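Novice: what follows is a protein structure lacking sequence information:
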């Protein structure tokens, strides 16, 4: 994985220029507010075309590193063979944030988007994406059963996407400051003296996104059970207020919010940060560079991301899009992506050596066995799991989180 992370560093340097051009959120700023529809029913399917010969191209909005054609490293190329076999030329637009992905898909002209769970329900209820006909994706049943009907892309029994990759939001820490792995998220939520005799104030980071409110709610689930939180994305007004209070207190010790993983890597190298929520990607990069960094999923568990490839409601090239959806589930492709990105495949057989780039212990290294400890991102909506429509919606999450970051 260290060799892989070094290869990925090349990608990230290049990606940083793309992200700047795309207007990605700065590390200290929260994303702009995005209204979340309060609808309780999913839109009707627009009809899925047959995956025939294709229209000659497919346009994809993706996280940087998700769609590689060998330009950064010839070994990592899951595009060229697809283009040769199908005649569908792949074009990719990188997006730095989930909000940017929503904006791009709504702007039109794209076929597919690799949406995280904090965007997928917004896209579904906003009728920005269409129902997927899984009968036109022969490999759909090879997806991990835990992901096939996941609530962030399945509404009223209808599928609105194909699972791609997933991973946990780990607690990354400096091993010089933490000789033993932290056991709780309290090291980033509560002011305290660390093992080096110094306070954690101004040495910890938080994530720059409204969905981070769920991390506070998850912490409260374990430490304030009287609040009755059962799902960190389904919060009533009282529960939501408690999460905001915790984040407001955290703001006094968290001097910086990260939204760009390249920036977080540099922060841990040069700015003296010692603990923060992060992704396996940053951990791998820092370890490959020789930094004293490790990660853990604390006792409270962790939030996480499970990305879904979704088809735009007005996709201009639906046949090529269906061909790509099938291609994306190839075990070798799944393993190649996981090796490059530091993620986990959604197809379990990819853990068994289908990709020579994804080592036999790749899934273990990337946290595959932690699935049951993860509360995956999903868009907060009013109609939550308690049978009532009294949960705080994503637009409020955005509004209140922006206020906290601005304190």
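Specialist: Perfect, I can see it now. Because the structure is a prediction, the values reported are computed rather than measured.

Novice: those helices in the stretch 51-200 of the chain, which residues are they?
Specialist: In the stretch 51-200 of the chain, the helices defined using DSSP state H, counting those that start in this stretch lie at 80-86, 98-107, 117-125, 145-148, 186-189.

Novice: in JSON lines: the ones you listed, plus mean pLDDT, distance to residue 397 and mean neighbour count.
Specialist: (Each C-beta comes from the backbone N, C-alpha and C, glycine too.) Below are these laid out as JSON lines (pLDDT from 0 to 100; distance: least, CB to CB, whole Å; neighbours: other CB atoms under 10 Å):
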{"stretch": "helix 80-86", "mean pLDDT": "97", "distance to residue 397": "37", "mean neighbour count": "15"}
{"stretch": "helix 98-107", "mean pLDDT": "95", "distance to residue 397": "12", "mean neighbour count": "21"}
{"stretch": "helix 117-125", "mean pLDDT": "93", "distance to residue 397": "9", "mean neighbour count": "27"}
{"stretch": "helix 145-148", "mean pLDDT": "96", "distance to residue 397": "24", "mean neighbour count": "15"}
{"stretch": "helix 186-189", "mean pLDDT": "98", "distance to residue 397": "18", "mean neighbour count": "22"}
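
Novice: mind putting those helices in CSV, distance to residue 211 included?
Specialist: Converted to CSV, these look like this (distance: least, CB to CB, whole Å):
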stretch, distance to residue 211
helix 80-86, 31
helix 98-107, 8
helix 117-125, 4
helix 145-148, 19
helix 186-189, 16
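
Novice: any chance you could map the helices in the stretch 201-350 of the chain?
Specialist: Under DSSP H, counting those that start in this stretch, the stretch 201-350 of the chain gives helices at 213-223, 237-250, 261-270, 280-288, 318-327, 331-341.

Novice: among those helices, which gets the worst mean confidence?
Specialist: In terms of average pLDDT, helix 280-288 trails the rest of the helices of the stretch 201-350 of the chain, at a mean of 88.

Novice: can you tell me which of the helices of the stretch 201-350 of the chain is nearest to residue 139?
Specialist: When the helices of the stretch 201-350 of the chain are compared by CB to CB, helix 318-327 sits nearest residue 139, at 5.9 Å.

Novice: nearest to residue 231, of the helices of the stretch 201-350 of the chain?
Specialist: Distances from residue 231 to each of the helices of the stretch 201-350 of the chain were compared using CB to CB; the minimum, 8.3 Å, belongs to helix 213-223.

Novice: list the buried ones in that closest one?
Specialist: Under the neighbour-count criterion of 16 or more other CB atoms under 10 Å, helix 213-223 has 213-221 buried.

Novice: now, the most widely separated pair of these?
Specialist: In those, the most distant members under the criterion CB to CB are 213 and 221, with 12.8 Å between them.

Novice: isn't residue 376 up against residue 167?
Specialist: No: counting by CB atoms under 8 Å, residue 376 sits too far from residue 167 to count as a contact (9.8 Å).

Novice: shared neighbours of these two, which are they?
Specialist: With contacts defined as CB atoms under 8 Å, 6 or more residues apart in numbering, the residues shared by residue 376 and residue 167 are 304-305.

Novice: re the thing from before, to residue 228, which of the helices of the stretch 51-200 of the chain lies closest?
Specialist: Distance to residue 228, taken as CB to CB, is lowest for helix 186-189 among these, at 19.7 Å.

Novice: what's in contact with the closest one?
Specialist: Counting contacts by CB under 8 Å, 6+ apart, the residues touching helix 186-189 from outside are 171, 173, 178, 192, 194, 200, 204-206, 216, 219, 246, 249-250, 253-254, 275-277.

Novice: change it to 6 Å
Specialist: Applying CB atoms under 6 Å, 6 or more residues apart in numbering, the external contacts of helix 186-189 come out as 204, 219, 250, 275.
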